[in-house]
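Asks: Requesting a structural model of the entry that follows:
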Amino acid sequence: MSRDDFTRNPLAQDESFGAVATVKTAWGRLGELRVKSLTDNPHRFLAGGELYIFGEQYVLEGVRAHKGDFLLKLKGIDTIEDASSF
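Replies: Below you'll find the model as predicted:
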């Protein structure tokens with residue numbers, strides 16, 4: 001799904017969803033995402049949890065803190081090239 005599809009996706013426009021982070025960059029050869037948290041509840045980033053990015057559902061495989069940000073490993077995103085699409 002492209003960023004342009006985001007505005008046409010009914011799930012993305014659902015007001016029951018809220019932003020919990022912004023993606024800063026792809027990180028590392030294993031396809032992690034470096035994100036800046038927008039929430040004061042770090043439990044939103046527990047391994048096994050679900051995130052919706054541009055209306056697509058992803059499962060968190062792993063999370064670790066890194067210099068004030070979080071590095072998220074998403075199931076199915078396994079290379080830096082995959083992660084760069086975000």
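
Asks: What segments of the chain are helices?
Replies: With helices called from DSSP state H, the chain shows them at 80-84.

Asks: Strands of that one, residue ranges please.
Replies: Taking DSSP state E, the strands of the chain run over residues 21-27, 32-37, 50-53, 56-66, 69-74.

Asks: out of the ones you listed, nearest to His43?
Replies: Relative to His43, the nearest member of the strands of the chain by Cβ to Cβ is strand 56-66, separated by 10.4 Å. The C-beta positions use only the backbone N, C-alpha and C, and glycine is treated the same way.

Asks: thinking again about what came up before, and the strands of the chain, which one's lowest on average pLDDT?
Replies: Within the strands of the chain, confidence is poorest for strand 50-53, with a mean of 86 (mean pLDDT).

Asks: Can you give the distance from that one to the centre of its chain?
Replies: Centroid displacement of strand 50-53 relative to its chain, using Cα atoms, centre = their mean, to the nearest Å, is 6 Å.

Asks: same question, stretch 18-27
Replies: In terms of Cα atoms, centre = their mean, the centre of stretch 18-27 is found 6 Å from the chain centre.

Asks: and if you look at stretch 61-70?
Replies: Averaging C-alpha positions (Cα atoms, centre = their mean) puts stretch 61-70 11 Å from its chain's average.

Asks: Just the endpoints, please. Distance across that stretch?
Replies: End-to-end distance of stretch 61-70: 13 Å, with Cα to Cα, to the nearest Å as the criterion.
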